[in-house]
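Asker: fold the following for me, if possible:
(one chain, ligands or ions: 1)
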Amino acid sequence: LVSCAKRAKTPNSELAVCRVLLAELEAHQDAWPFLSPVKLKSVPGYRKVIKKPMDFFTIKEKLINNMYLNQENFIIDVNLVFDNCQKFNEDDSEIGQAGHRMKRFFDKRWTELLRKQ
Ligand SMILES: CO[C@H](O)CCc1ccc(O)cc1
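Answerer: Residues are numbered from 1 along each chain as shown. As a prediction, this is how the structure comes out:
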């Protein structure tokens, strides 16, 4: 029998990993600052300093509405959450520390999940 070509990763299997990863991020005890959009009206300076706000709820909406073509675009948005956090918060602040812990968790989990594929 002719061996079948290596099956291409269908986009939905790629995105299934993203849904798993997002669920783990949302369940993390340090996720609280990132679960929903920063309230731009109640955080002075945020709108001016952070050009592209992002949060886990917005990412979930984008996943549900098929706005990610691949894993890369999903990973870019998750990293945007953490980069925004590092830009706006001191490293030794509560939220700054939560952001660093969440970033370390995410980096570990997506390499584990993607290496397995
Ligand atoms: C992900 O959280 C954002 O970095 C906003 C952080 C923030 C919000 C209100 C404050 O009084 C201070 C920091």
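Asker: can you show me the helices along this structure?
Answerer: Using DSSP state H, the helices of the chain run over residues 11-27, 46-49, 56-64, 71-88, 94-116.
Asker: could you dump the ones you listed to a markdown table with mean pLDDT?
Answerer: As requested, the helices of the chain are exported to a markdown table (pLDDT from 0 to 100):
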| stretch | mean pLDDT |
| --- | --- |
| helix 11-27 | 92 |
| helix 46-49 | 98 |
| helix 56-64 | 98 |
| helix 71-88 | 97 |
| helix 94-116 | 94 |
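Asker: count of neighbours near M54?
Answerer: M54 has 22 neighbouring residues, counting by other C-beta atoms under 10 Å. (C-beta placed from N, C-alpha, C; glycine too.)
Asker: would you confirm that it contacts N84?
Answerer: Yes. The criterion here is C-beta atoms under 8 Å, and M54 meets it with N84 at 6.5 Å.
Asker: on that earlier part again, how about the helices of the chain in TSV, adding distance to the ligand?
Answerer: Listed next are the helices of the chain as TSV, based on distance: least, C-beta to the nearest ligand atom, whole Å:
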stretch	distance to the ligand
helix 11-27	13
helix 46-49	6
helix 56-64	10
helix 71-88	4
helix 94-116	5
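Asker: out of these, which comes closest to V38?
Answerer: Relative to V38, the nearest member of the helices of the chain by C-beta to C-beta is helix 46-49, separated by 5.5 Å.
Asker: dump the helices of the chain to TSV, plus mean neighbour count.
Answerer: Listed next are the helices of the chain as TSV, based on neighbours: other C-beta atoms under 10 Å:
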stretch	mean neighbour count
helix 11-27	15
helix 46-49	12
helix 56-64	16
helix 71-88	17
helix 94-116	15
